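Trainee: The following block contains a protein sequence and its predicted model.
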Number of protein chains: 2
Amino acid sequence: MSKTAFLPDCCDAALAETLRADLFKALCDPVRISIVATLAARKHAATVSEIAECCGVDFSGVSRHLKILKDANVLTATREGRKVLYWLDTDMLAMTLRAMADALQLCRADAA
Amino acid sequence: MSKTAFLPDCCDAALAETLRADLFKALCDPVRISIVATLAARKHAATVSEIAECCGVDFSGVSRHLKILKDANVLTATREGRKVLYWLDTDMLAMTLRAMADALQLCRADAA
DNA sequence: AGTTTATTTGCATGTATATGCAAATATGAT
DNA sequence: ATCATATTTGCATATACATGCAAATAAACT
């Protein structure tokens, strides 16, 4: 069903969609990886200041990194008083990574 | 065992190592994602020129992208006559992505 | 040796990104 | 209203990156 001549590029086109460059872009910075790792190791959400302690960067920079991760749907945020709480959507991210792995191998299985 | 006070940062430190920013960096460019998708959809290796057809970039640029992917261990290459063949180590990449997913969720399970 | 084909590399350029500091905004407390 | 705390944003700067073109290298063929 998948090896038809009518859909020669369907697999790599779909794969290119699954392998979202924008997600990788959000995760390609060492400080942002630190942030993700820090949040993954916490059960509860953390404030910008708390997160900033974990990476040797000014909190203004951390705030910007958090926005990038939030825009990539890696993190979620809510304001609580004057603090803003960020947390990692661990299952979502894990699922996305596994979906990429699956898509890669599925695509190879279909390869002509 | 994992919730000891003696190893407060062990989980996120290990996680930060598993979530290799350099791999994400290699995959954060849309042209490189096209290349990976193109190679994933092929059973056999491809030359630089063949790969260059799939992305609207000069082949010199493609050559550079291929080097970046090779340096990140996403691709492997061998010279064959005057051509250079590149291929995707699909299982390796899929395994790496799944290891990241596992590490994320394991880390949360350990979270204090 | 010279010619053709395939890939890589040097160079110049434009664009994007990370960073720190200071100023601005937002909320809460006195 | 004023002040203190928490976060975001504007600005300037330095660095990294992608790109195209042309030149250089590598290998096969005549």
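Mentor: Arrived safely.

Trainee: all helices for chain A, in order.
Mentor: Assigned helices in chain A, in chain order: A:10-18, A:21-26, A:30-40, A:48-53, A:59-71, A:90-110 (criterion: DSSP state H).

Trainee: Out of those helices, which is the most enclosed?
Mentor: Comparing the helices of chain A by mean neighbour count (mean count of other CB atoms under 10 Å in any protein chain shown), helix A:30-40 comes out on top with a mean of 23. All C-beta spots, glycine's among them, are computed from the backbone N, C-alpha and C.

Trainee: That one and DNA strand D, any residue contact?
Mentor: No. Using CB under 7 Å from any atom of the strand, helix A:30-40 never reaches DNA strand D; the gap is at least 11.0 Å.

Trainee: what about that helix, distance to the chain center?
Mentor: 11 Å (CA atoms, centre = their mean, to the nearest Å).

Trainee: List the residues that contact residue A:49.
Mentor: A:59, A:83 (CB atoms under 8 Å, 6 or more residues apart in numbering or on different chains).

Trainee: any idea how far it is from residue A:86?
Mentor: Going from residue A:49 to residue A:86 by CB to CB, to the nearest Å gives 11 Å.

Trainee: repeat for residue A:27
Mentor: In this view, residue A:27 and residue A:86 are 15 Å apart by CB to CB.

Trainee: Phi first, then psi, for the residue sitting nearest the centre point of chain A.
Mentor: The centroid of chain A falls nearest to residue A:74 when counting by CA atoms, centre = their mean (4.3 Å). Per-residue torsions, residue A:74: phi -90, psi -40 (degrees, to the nearest 10).
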